[in-house]
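Peer 1: sequence below, structure please.
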Amino acid sequence: MALPRRRFLQLSSFAAAFLAGGRSWARATSPLVTADGPIVLSTWDHGIPANVAAWDVLSRGGRALDAVEAGVRVPEADPKVQSVGYGGLPDRDGRVTLDACIMDERAGCGSVAFLEHIMHPISVARLVMEKTPHVMLVGEGALKFALDHGFKKEELLTPESKKAWEEWLKTSEYKPVVNWENHDTIGMIALDAKGDLSGACTTSGMAYKLHGRVGDSPIIGAGLFVDNEVGAATSTGVGEEVIRICGSHLVVELMRQGNAPEDACRIAVERIVKNQPEKSKNIQVGFLALNKHGEYGAYCLQPGFNYAVKSGRVENKLFDGKSFYK
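Peer 2: Numbering: from 1, shown residues only. So this is what the prediction gives:
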């Protein structure tokens, strides 16, 4: 009797991992959370309204790339979300600088970093992907590119965020607080009805960072990675630690070896702990992963990281990621 396609693919991936060395075999046998049909996942509670916009695209048979762009534009424009876009907490000089990247099922990717005055950096990143031979534009060059393509120059520092910055200036003490000012991202990954994957990541960066600091969010392979044969992953938290291990790329490669999404995220987190055993106790990093078959999972350093899921089977809701530290 012929095996169902999903079961055949799972067994094939497990067999490949076993033949590659056996270690991944044990990890891949953990239960898999599975979705049939389109699915979208995003980091943190601001992923809930973002998923609504993304699902509107996916539920009509739209492309995952269009869905993730539409989704993350929601928190980019929401002044209440102080870690993304408009209303984001500024750097220590009082300037809001934005980073974003996007990646599609064809390994197309675009990125902007250290971008000021533009409401939707994710859409600028997509134009970099589609209209230039480059992957990343930064600073004044990224701003000029955006303005040349019709984006408006806007003030992104809201009165609320300006007030918070002025309060911070009284001490100028830089100690990021776990699950608050260091959950500096929305990362979104999606699988569409055609079985194609895409992802997006956008942020205003860590609050009160040094002017010019860029984290993992706009870096393909760190804050986001998509391989349409395998899966997609995104990250959140202290970007410097994600960059050190090329985190999202690592998670996707671990899935390629046969690891379930949650296990792949866990192994990446464990690598951060191994590299930074003391520092890792006081920071947050989380990974979120989705494989080609709609199976998903997450893992983080500290309790408190959550992610939003929407599919035909899962009503838009938050889930808590498992953590290394309890």
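Peer 1: which helix or strand in this protein has the lowest average pLDDT?
Peer 2: In the chain, no helix or strand scores lower on mean pLDDT, DSSP states H and E than helix 23-28, which sits at a mean of 32.
Peer 1: phi first, then psi, for V309.
Peer 2: In terms of degrees, to the nearest 10, the main-chain angles of V309 are phi -130, psi 140.
Peer 1: so it sits against D320, correct?
Peer 2: No. Using CB atoms under 8 Å, V309 is not in contact with D320; the gap is 11.7 Å. Any C-beta I mention is one placed from the backbone N, CA and C, and that applies to glycine too.
Peer 1: neighbours of the spatially closest residue to Y208 that is not a sequence neighbour, how many?
Peer 2: Excluding its sequence neighbours, the residue lying closest to Y208 (CB to CB, 6 or more residues apart in numbering) is R92, at 4.8 Å. Neighbourhood size, R92 [other CB atoms under 10 Å]: 16.
Peer 1: can you check the one 5 residues further on too?
Peer 2: A total of 25 residues lie near T97 under the criterion other CB under 10 Å.
Peer 1: kindly report the same for G195.
Peer 2: 14.
Peer 1: what's the burial count for the nearest residue to it once chain neighbours are set aside?
Peer 2: Of all residues not flanking G195 in the chain, K292 sits nearest, at 7.1 Å (CB to CB, 6+ apart). Other residues lying near K292 total 18 when counted by other CB under 10 Å.
Peer 1: what sits against E76?
Peer 2: Contact analysis of E76 by CB atoms under 8 Å, 6 or more residues apart in numbering lists V84, G85, Y86, M119, H120, P121, I122, T202.
Peer 1: what helix or strand is the residue minimising distance to the centre of the chain located in?
Peer 2: Taking CA atoms, centre = their mean, the centroid of the chain lies closest to G187, which sits 2.4 Å from it. In the assignment (DSSP states H and E), G187 maps to strand 186-191.
Peer 1: ok so, going back, excluding its backbone neighbours, what's nearest the residue nearest to the centre of the chain?
Peer 2: T234 (2.9 Å).
Peer 1: my guess is R63 contacts V57. True?
Peer 2: Yes. Between R63 and V57 there is a contact under CB under 8 Å: 7.4 Å.
Peer 1: looking at the two, which one has more neighbours?
Peer 2: Between R63 and V57, counting by other CB under 10 Å, V57 is the more crowded of the two (22 against 18).
Peer 1: just checking, that one touches A70?
Peer 2: Yes. Using CB under 8 Å, V57 is in contact with A70, at 5.4 Å.
Peer 1: helix, strand or coil for the residue nearest to Y208?
Peer 2: coil (DSSP: H, G, I helix; E, B strand; the rest coil).
Peer 1: over to it: give its phi and psi.
Peer 2: phi -70, psi -10.
Peer 1: please apply the same query to E229.
Peer 2: Dihedral angles (degrees, to the nearest 10) for E229: phi -80, psi -20.
Peer 1: could you do A233 as well?
Peer 2: phi -150, psi 150.
Peer 1: more neighbours, V309 and D320?
Peer 2: Taking other CB under 10 Å, V309 and D320 do not tie; V309 has more neighbours (24 against 12).
Peer 1: partners of the spatially closest residue to the more buried one that is not a sequence neighbour in the sheet?
Peer 2: Closest residue to V309 apart from its sequence neighbours, by CB to CB, 6+ apart: L41 at 5.2 Å. Residues in a beta bridge with L41, per DSSP bridges, are I189, V309.
Peer 1: again, but for S198
Peer 2: Here S198, judged by DSSP bridges, has bridge partners A190.
Peer 1: what sits against it?
Peer 2: Contacts of S198 (CB under 8 Å, 6+ apart): 63-65, 67-68, 102-105, 189-190, 192, 226, 232.
Peer 1: which of the residues you listed lies closest to D78?
Peer 2: D78 lies nearest to V68 out of these, by CB to CB, at 16.6 Å.
Peer 1: correct me, but that closest one touches G187?
Peer 2: No. V68 lies out of contact with G187 (CB under 8 Å); the separation is 9.4 Å.
Peer 1: now the strands for the protein?
Peer 2: For the chain, the strands defined by DSSP state E occupy 33-34, 39-43, 98-103, 109-115, 136-138, 186-191, 197-203, 224-227, 231-237, 285-291, 295-300, 306-311, 317-320, 322-323.
Peer 1: pick out the shakiest of these, pLDDT-wise.
Peer 2: Per-stretch mean pLDDT for those is lowest at strand 33-34 (a mean of 54).
Peer 1: residue ranges of the helices in the stretch 151-300 of the chain, please?
Peer 2: 159-169, 239-244, 247-256, 261-275 (DSSP state H, counting those that start in this stretch).
Peer 1: just the buried residues of the first one, please?
Peer 2: Of the residues in helix 159-169, S161, A164, W165, W168 count as buried by neighbour count, 16 or more other CB atoms under 10 Å.
Peer 1: give me the pLDDT value at the first one.
Peer 2: You'll see S161 listed with a pLDDT of 97.
Peer 1: surely it touches V96?
Peer 2: Yes. With contacts counted by CB under 8 Å, S161 reaches V96, the gap being 7.5 Å.
Peer 1: many thanks, we can stop here.
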